[in-house]
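build me a model from this:
(chains A and B)
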Amino acid sequence: MRISGKYWTLIFLAALIAVTPLFFPSGYYFRVGSLLFVNGLAVTGIVVLTGYAGQISLGQAGFAGIGGYACALAPVHWGVPPALAVVLGAAVSGVLAYLVGRPILRLKGYYLSVASLGFGILVAMVLNNERELTKGPDGINVPDIGLRGLLSDWGLNLTNGEFWYALTGICLLIGAWIALNLQSSPTGRALRALHGSEVAASTVGIDVARVKIQAFVISAIYASVAGSLMALQNKFVTPDIAGFLHSVEMVTMAVLGGVASVPGAILGAGVLTLLPQVLTVLAEYEQLILGLVMMGVMIFLQEGLVPSILRWFRGRDE
Amino acid sequence: MLTVEGLRSRYGRIEVLHGIDLHVDSGEIVAVVGANGAGKTTLLRCLSGVQPVSAGTVTFRGEPLTVVPAHRRLARGLAQSPEGRQIFTNLTVAENLRLGAFLYSDDRVWKDMEDAFQMFPILREKRNLAAGGLSGGQQQMLAMARALMGRPSCLLLDEPSMGLAPIIVAQIFDVVKSLKALGVTVLLVEQNAFGALKVADRGYVMETGQITIQGEAAELIAHPRIREAYLGI
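From the prediction side, this is the model:
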């Protein structure tokens, strides 16, 4: 049987997630790994929106905030189990993305960037100011997801770090699998088509506005689930999760790795998650080096890390 | 098959189509010729639904067309190869053709793709390459083949000869002529009046947003004013 590139990507990713812990010198690295996977998940959503459909959202953190606070608030106020609160947050994010996107995505151009930027800032403001509900800028506790206890009842004892490493790793694999499947589906073809030419897309029968909204809703759900996982893992969430800087960070990760490619986006998330950890030894020069690395990538590897490296390898084969 | 009556359209406050009347009968090839800026492309944009119509009616196969959104018009049988070709440059040639049949997922898609490769053998050779790497003539062929993948009863062609070498232009017009045998009705908009009128059954001459002369294609080629203004004879 011939295994398509899609499955090779997933197999490679799964192997990487499974094998890397053998080389971890301490439990701390499990935490870094799960942080990377959560970022990778959010950035995979950006691949769908920006890489496939060519639309740029600067408000993804707003959806991450909704996902995060859904896990903080729903269990306490409505008795929703934390794991289900992830789904609830995703549903709310999806509906909000639809409501924001519907009027905007009928228009061509950069309107989505501006509207989503406003949306993200609005979410952050609500989280900061509705102190009665959200406890304001100091943040709020998030209940335990409860699954680790369930696993140990079945005889599988994991440390907290190991548990979150595994859970976020699995979520990332599922997210990557969905995004890769979407790419070769009719919707994925429609997205990549309208990225090329909206006029031509409508002449072949693609409802351009509708497909763009679908992409935006999908990316919002990715960001929301990532935000939920982040909050549940930390057992704590602050309004910073919905901040503008977090949105920019996600877009940067996607662009750095290669926005049209799922493995690229995950690598971008990896680099920008790990690099600050590595660069802490440089103390105040950390930001400087980070900036130089990013400028270097954008100047010399314009399509992002993975597509540029792949092209380089293919070029050498010939 | 296609009837346009009193069609007006404007860009902001400036009206560019001042009441166009034309009709295309089933099985015909009809050419609309005229100079740059006469409003030919605007006319086609109105027909494909990407340009708002301010007055007049368009009837396609007995039903009003102006209320149908652009992306639903192909399902009604109206396909187009838009101005500037508008192929999906980031996708492969085969993916472009597959997208032309976006509305369908049956086995006929592959048969139609095979037909497209028969019609334009060069596309078969390049089927797995990015469409952005094709030459202008090949891109025009791809745009036409993609439109035909949508199984249209009527095809709108916007300036298929634009910017192409004469030998390629001849090849493109040959294909347009052959569409008749496939039962596809064609509305062809062209600056290349001579080439277009040679393959067409009837023609319209458009000047500054109005139809000024119309008739059988052979008559128009012989018309003294057209010979002087458009054919350079």
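
what parts of chain A come near chain B?
Selection of chain A residues close to chain B by Cβ under 8 Å from any Cβ of the partner chain yields A:186, A:189-190, A:192-193, A:195-197, A:199-208. Where you see a C-beta, it was placed from the backbone N, CA and C, and this is true even at glycine.

drop anything exposed from the residues you listed.
A:189-190, A:192-193, A:195-197, A:199-208 (16 or more other Cβ atoms under 10 Å in any protein chain shown).

picking up where we left off before, of the residues of chain A next to chain B, which belong to helices?
Judged by DSSP state H, the residues of chain A next to chain B include A:186, A:189-190, A:192-193, A:195-196, A:199-203, A:208 as members of helices.

quick one: which of those residues has the lowest pLDDT value?
By pLDDT, A:Gly196 ranks lowest within those, coming in at 81.

how about the residues of chain B that lie near chain A?
So chain B meets chain A at B:48-50, B:69-75, B:79-80, B:82, B:86-91, B:95, B:98-103, B:105, B:146-147, B:149-150 (Cβ under 8 Å from any Cβ).

what is the burial count for residue 224?
Using chain A. 32 (other Cβ atoms under 10 Å in any protein chain shown).

other chain: chain B
8.

any low-confidence regions in chain B?
B:231-233 (pLDDT under 70).

for the spatially most central residue of chain A, give me phi and psi.
The geometric centre of chain A, computed from its C-alpha atoms, lies nearest to A:Ala42 (Cα atoms, centre = their mean), at 0.5 Å. The phi/psi pair for A:Ala42 (degrees, to the nearest 10) reads phi -60, psi -40.

tell me the secondary structure at the spatially most central residue of chain B.
In chain B, the residue lying closest to the centroid (Cα atoms, centre = their mean) is B:Leu157, at 1.1 Å. Here B:Leu157 is recorded as strand under DSSP: H, G, I helix; E, B strand; the rest coil.

need the contact list for it.
B:80-81, B:144, B:176, B:186-189 (Cβ atoms under 8 Å, 6 or more residues apart in numbering or on different chains).

go again with 10 Å.
By Cβ atoms under 10 Å, 6 or more residues apart in numbering or on different chains, B:Leu157 lies in contact with B:29, B:31, B:44, B:79-83, B:140, B:143-144, B:147, B:172, B:176, B:179, B:186-190, B:196.

beta partners for it?
Judged by DSSP bridges, the bridge partners of B:Leu157 are B:Ser81, B:Leu188.

please apply the same query to B:Glu15.
B:Arg10.

who touches it in this structure?
Counting by Cβ under 10 Å, 6+ apart, B:Glu15 has contacts B:8-9, B:39, B:54-55, B:209.

before we move on, what about A:Val251?
Counted by Cβ under 10 Å, 6+ apart, A:Val251 has contacts A:43, A:46, A:49-50, A:56-58, A:60-61, A:113, A:259, A:268.

now flag whichever of the residues you listed is closest to chain B.
Chain B has its nearest neighbour among the contacts of A:Val251 in A:Val259, at 12.3 Å by Cβ to the nearest Cβ.

could you pull up the residues touching that closest one?
If you count contacts by Cβ under 10 Å, 6+ apart, A:Val259 has them with A:43, A:46-47, A:49-52, A:54, A:56, A:251, A:253, A:265, A:268, A:303-304, A:307.

what pLDDT does it get?
84.

repeat for A:Asp240
In this model, A:Asp240 carries a pLDDT of 88.

cool, A:Ile3 as well?
61.

circling back: list only buried entries from the contacts of B:Glu15.
In the contacts of B:Glu15, burial by neighbour count holds for B:8-9, B:39, B:209, counting by 16+ other Cβ under 10 Å.

can you name the two of those residues that are farthest apart?
Largest separation among the buried ones among the contacts of B:Glu15 by Cβ to Cβ: B:Arg8 and B:Gly39, giving 10.5 Å.

which neighbours do those two share?
B:15-18, B:20, B:46, B:209.

of these, closest to chain A?
Lowest distance from chain A to the shared contacts of B:Arg8 and B:Gly39 (Cβ to the nearest Cβ) belongs to B:Cys46, with 13.4 Å.

continuing past the helix or strand containing the closest one, what's the next helix or strand?
Of the helices and strands defined by DSSP states H and E, B:Cys46 is found in helix B:40-48. Downstream of helix B:40-48, the next assigned helix or strand under DSSP H and E is strand B:55-60.

in that following strand, what's buried?
In strand B:55-60, counting by 16+ other Cβ under 10 Å, buried: B:56, B:58, B:60.

close enough to count as contact, B:Ser135 and B:Leu123?
No - between B:Ser135 and B:Leu123 there is no contact under Cβ atoms under 10 Å: 11.8 Å.

what sits in contact with each of these two?
B:Met141.

quick check: closest non-adjacent residue to A:Tyr222.
Nearest residue to A:Tyr222, sequence neighbours excluded (Cβ to Cβ, 6 or more residues apart in numbering or on different chains): A:Gly45, at 2.5 Å.

how about the contacts made by A:Phe12?
Contact analysis of A:Phe12 by Cβ under 10 Å, 6+ apart lists A:Pro263.

mind listing the strands for chain B?
B:2-11, B:14-24, B:29-33, B:55-60, B:63-64, B:78-81, B:154-158, B:185-190, B:202-207, B:210-216 (DSSP state E).

what does the fifth one contact?
Same thing as strand B:63-64. B:57-58, B:76.

spell out which helix or strand contains A:Met230, please.
helix A:208-234.

repeat for A:Val86
Applying DSSP H and E as the criterion places A:Val86 in helix A:82-104.

can you name every helix or strand that that helix contacts?
helix A:60-78, helix A:111-129, helix A:147-153, helix A:208-234 (3 or more Cβ pairs under 10 Å, 6 or more residues apart in numbering or on different chains; DSSP states H and E).

please redo it, this time with the cut-off set to 8 Å
Contacts defined by 3 or more Cβ pairs under 8 Å, 6 or more residues apart in numbering or on different chains; DSSP states H and E place helix A:82-104 against helix A:60-78, helix A:111-129, helix A:208-234.

buried sites along the last one?
Of the residues in helix A:208-234, those scored as buried under the neighbour-count criterion (16+ other Cβ under 10 Å) are A:208-209, A:211-234.

poorly predicted segments of the stretch 1-150 of chain A, please.
A:1-3, A:109.

which non-adjacent residue is nearest the residue in it that chain B sits nearest to?
In the stretch 1-150 of chain A, no residue comes nearer to chain B than A:Gly54, which is 9.3 Å away by Cβ to the nearest Cβ. In this structure, A:Gly54 finds its nearest non-sequential neighbour in A:His195, 3.6 Å apart by Cβ to Cβ, 6+ apart.

alright, I will stop here.
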